[in-house]
Each structure stands twice: as C-alpha cells, then as structure tokens.
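[1] Task: produce atomic coordinates for the following.
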Amino acid sequence: MSGVIRFGPNGVIHLVENSAAEASNTRRKVLIHLPTGEVVSSYDSLERILTGLGWERYFGGDPELFQFHKRSSIDLISLPRDFSKFNSVYMYDIVIKNPQIFHVRDM
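    Here you go, the predicted structure:
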C-alpha cells in the first residue's frame, strides 16, 4: 500500500492511493517539433523529422529498442519499441541532442 498522505479540511490525514494521486497532479507531456509546431504522436512522424535532421536508423543494437544515430557525432537515441512507453525521459533525451528543434510541453 503506497500513496500520498493528504491533510483534509478538518485536519485529519488520509492516504491517497498512487493511482488516484498520479491522476490528480500529473499532466501528460508531449514532444513538440518547434519549426512546424507539430506534436510528435508516432514513431513514423518522429523518424521523418529525425531523418531530415541527419539522423539514421541504427539496427545494430537491442531489438527491443528503436534507435537512431548521427554519423557526425557519437550520439545515439534509444527509444522503447512500443510508442505507448515513450515518456518524458526519452523526450528530453531527444531535446538535448537536438537543441532548438524540439521542446517538451505539458498538455
């Protein structure tokens, strides 16, 4: 049993379970392609944008990952093969490796 302890209006504390706590204070993050204002909503759209920036698919790594590399650098972008597991950690990795091109925003 885990969660967040909250104080009620009468001063009594109660435990809010994790699922309820997460739903009440988290907002969904999205990756924005700044030049077009496009929200990256699939790996197809992300691959199209990254290819245009000089990134290439990398097939030599873990088969559970969707990976890109750039010949002009040592950078490697590794993403979970399932887009539903694409979260802010992966988004910020893309932002760091492509400054001024992507941004992460709350929706």
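[2] Run through the residues that contact Phe86.
    Tyr43, Leu79, Pro80 (C-beta atoms under 8 Å, 6 or more residues apart in numbering). Heads up, the C-betas are built off the backbone N, CA and C, glycines and all.
[3] hang on, I meant His69
    Trp55, Glu56, Tyr58, Asp75, Leu76, Ile77.
[4] and the gap between the last one and Arg6?
    It refers to Ile77. 39 Å (C-beta to C-beta, to the nearest Å).
[5] who's more crowded, the two?
    Ile77 (20 against 12; other C-beta atoms under 10 Å).
[6] Whatever helix or strand that one lives in pairs with which strands, parallel or anti?
    Following DSSP states H and E, one finds Ile77 within strand 76-80. If you go by DSSP bridges, strand 76-80 pairs up with strand 65-70 (antiparallel).
[7] give me the beta-bridge partners of Leu79?
    Phe66.
[8] correct me, but it touches Glu47?
    No. Leu79 lies out of contact with Glu47 (C-beta atoms under 8 Å); the separation is 10.1 Å.
[9] More neighbours: those two, which one.
    Neighbours per residue (other C-beta under 10 Å) separate Leu79 from Glu47, with Leu79 holding more: 19 against 16.
[10] how about the helices of the protein, start to end?
    18-25, 43-52, 88-97 (DSSP state H).
[11] Make CSV from these and add mean pLDDT and distance to His103 to it.
    Formatted as CSV, the helices of the chain follow (pLDDT from 0 to 100; distance: least, C-beta to C-beta, whole Å):
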stretch, mean pLDDT, distance to His103
helix 18-25, 54, 22
helix 43-52, 97, 13
helix 88-97, 96, 7
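[12] which residues of this structure score low on pLDDT?
    1-2, 18-26 (pLDDT under 70).
[13] Now with 50, please.
    When residues are selected by pLDDT under 50, those of the chain lie in 20-21.
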